[in-house]
Structures are given as structure tokens and as C-alpha cells.
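Undergrad: Quick one, structure for this:
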Amino acid sequence: MLSLREVSVAYDGKPAIEDVSLELADGQVLALLGPSGSGKSTLLRAVAGLEAADGGIEWDGRSLRGVPTHKRGFALMFQDGQLFAHLTVANNVAYAMRLRRVSSVDRTKRVADLLDLVGLGGYQDRLPGTLSGGERQRVALARSLAVEPRLLLLDEPLSALDAGLRERLAGDLRRILHEAGTTALMVTHDQEEAFAVSDRIALLREGRLVQEGTLQDVWARPTDAWAALFLGYARVLEGAAARTVLNAAGMTPAEEVALRWSAFVADPSGPLTGTVVSARATPEQLRLVVRLPGVGEVDAVADEAPAPGDSVGLRVEPNRLAIPKSTVPESAVHP
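TA: Predicted structure coming up:
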């Protein structure tokens, strides 16, 4: 188990990470999620031993203070993979095993097993320059797993890929890590990537831990309006507007409610009626912006596209709402 106890990192006296405490159980994947400048990469580097940190960083109850990076038993995978261009795929994957003097027979078998695991069986003799970006990242992952690290540290491993490939590889990455039984700490700024790969999420903002928990817990109960918007909710309503929507959903009124894009569905029998502001088609559904009296503009989905200015009834889907745990200043609710 990896344990962080009030870990802080500062540069020239300015805090980059402040009092972060986390635990990562054996075999789990934890995503450090946050915007640029939130400190997530700094925290990863502190765990790796690449940044000096105050507080406690422990593995299985033993302090890592003073333990150099190469003796921690961790592997670090960067966003660009950093493969050796002059080495074949097999030799890239086997590189660390060769340094550790693993026998040729064992290296060959381990390389074949890992390439099968990452979906690149038969690629042993290819050079990195002949591979796609996604294939190179799979090779980098196989190389990281080759030495059976106690902890795999992933620094934005998919950010250099195009959106479609990133989405496909995220699902494969989760499968590969779980099949290998690897404990992993991953840095990402993409909430969809975090949800696709990890078991737990730690949300960071300005160097501080905002929220940590399982995917379901974090998504269902974002800690505040900023967290809800960053996690992918479309809007956050406050005060009377929030109470109106929650009443229409048959839920207990609260002072804030976060709305998914599909929280409102066009329905002539719905309890709310508004005026269509705009309508556009997407590959999956029709998206509307509707102005509701006493609420303001909200997003809705529909089977048919009404014209701007038309009146439309809306029903509220309770499972597409979330009530933040606390409130934040209005400037953070409406960035």
C-alpha cells in the first residue's frame, strides 16, 4: 500500500502541493485529476522520489524518505513513451530486464507474454518508427510492466494521442493494469480518461486535495460546484432555481444542484415548461437550450428538434442530477 501523510512540496518558498494525504491499496488504480497547475504531476514526482517533499510517503508502512528513485521499486511511464528508436520492440521491452541480468530465456518469454497482454503479439522485431502512436504507448506500457514494479506511475500516458484513440486505449489500459495486478498512480487532466482507467479519483485544485473516493462517490456527490463543473456536469444552479428543479424531480430541495447535459428531457407532459433558445443535432441526440421561468437557461435533449421560440415541456431525470456537498463563491460556480 502507498500512503501519503500531509505531503507538501514548495518551489522557492511557494507551495505547489499542500498537506495532501492519500492511500492507494494493492492492485488499485488511483487517478490524480485536476487542471493544469493543480500540482498533480508534482505529487507524482514526489512519490517517485524526483521532488523533495515534506510529510510522509510510505510503502507498506515503511518510509521512503531518503530512498533514491532507482531503489523504490517503482516504474514511471511518461506521455511520449520515450522508446529507444534504434531498438526493436522486443529489445525496448526487455531493456530493464537486461540491466538486471535476467536470463535470455526468461526475457524472451516475458517479452512475448507482455506483448500479448498489450495486444501487440508478433511485434517483437518491429522498430518504434514503424508503429502508430497508440502502439508505441502500448510498447512503453509493456516495458514499464516488464520489471514487475511495486507501483506504476503514469504521467498523462494518453494525452499525446488523438481523441478517438485515447478513448479506445483508456479502456485497454484499465484491462491491462487489472489483468497484470498492477498498482498504479496516474496523472490526468481529462475526467473521462480518469473514469475510464481508474478505480478511485483524487481531485486536486491549486495544490490541495479537494475530493477523493470511488468513481461513483465522486461523480454522485461532487464536493462543490467547481468540482461538479470540472468533473463534467454542464451547469450548477443555486437558490430558488435549484429548489425549483429539485422539486420537479421529486427530490429534497437544496441550495445547489449540478446538472448533466441530459438532466432535462423534452416531454409534453413534463412538469416544467420553457422556451427553446436553440436546437442542434449531434450524432447521438438532439440538444436544446431552453429558458425556464425562475430557473434560467438549461440544457435538454429531445427526439425532435423544435424551432427557437417554441414552447416545450420538460421532465427532470433525478439520476442525472447531483447535489454538491458544499457551496463555493459565485465566481467559482459561473467561471
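
Undergrad: so where is the protein shaky, pLDDT-wise?
TA: In the predicted model, the chain carries pLDDT under 70 at residues 79-81, 160, 326-335.

Undergrad: so how far is Leu209 from the residue positioned nearest the centre of it?
TA: Nearest residue to the geometric centre of the chain (CA atoms, centre = their mean): Ala194, 1.8 Å. For Ala194, the distance to Leu209 equals 15 Å [CB to CB, to the nearest Å]. Where you see a C-beta, it was placed from the backbone N, CA and C, and this is true even at glycine.

Undergrad: Equivalent analysis for Asp190, please.
TA: Asp190 sits 19 Å away from Leu209 when distances are taken as CB to CB.

Undergrad: Same question for Lys109.
TA: Applying CB to CB to Lys109 and Leu209 gives a distance of 42 Å.

Undergrad: next one: Phe230
TA: The gap separating Phe230 from Leu209 is 14 Å, by CB to CB.

Undergrad: neighbour-wise, which of the two wins?
TA: Leu209 (23 against 20; other CB atoms under 10 Å).

Undergrad: If we ignore the residues flanking it in sequence, what's nearest that one?
TA: Distances taken as CB to CB, 6 or more residues apart in numbering put Val20 closest to Leu209, at 4.9 Å, once the chain neighbours are dropped.

Undergrad: What's opposite the one you found in the beta bridge?
TA: Val7 (DSSP bridges).

Undergrad: wait, what's in contact with it?
TA: Val20 sits next to 4, 6-8, 39, 43, 55, 204, 207-209 when contact means CB atoms under 8 Å, 6 or more residues apart in numbering.

Undergrad: Can you say which of the residues you listed are buried?
TA: Neighbour-count burial (16 or more other CB atoms under 10 Å) is assigned, among the contacts of Val20, to 4, 7-8, 39, 43, 55, 204, 207, 209.

Undergrad: Just give me the closest of the residues you listed to Phe264.
TA: Comparing these against Phe264 with CB to CB picks out Leu204 as the nearest, at 31.2 Å.

Undergrad: How many residues are close by the closest residue to Gln124 other than its chain neighbours?
TA: Among residues not flanking Gln124 along the chain, Ala90 sits closest, at 3.8 Å (CB to CB, 6+ apart). The number of residues packed near Ala90 is 20, by other CB under 10 Å.

Undergrad: What are the contacting residues of whichever strand or helix holds Ala90?
TA: Using DSSP states H and E, Ala90 sits within helix 89-99. Helix 89-99 has contacts (CB under 8 Å, 6+ apart) with 83-84, 87, 102, 106-108, 110-111, 114-115, 120, 123-128, 131, 139-140, 142-143, 146-147.

Undergrad: any idea which helix or strand comes after it?
TA: helix 104-117.

Undergrad: Give the other helices and strands that that following helix contacts.
TA: helix 89-99, helix 133-146, helix 163-180 (3 or more CB pairs under 8 Å, 6 or more residues apart in numbering; DSSP states H and E).
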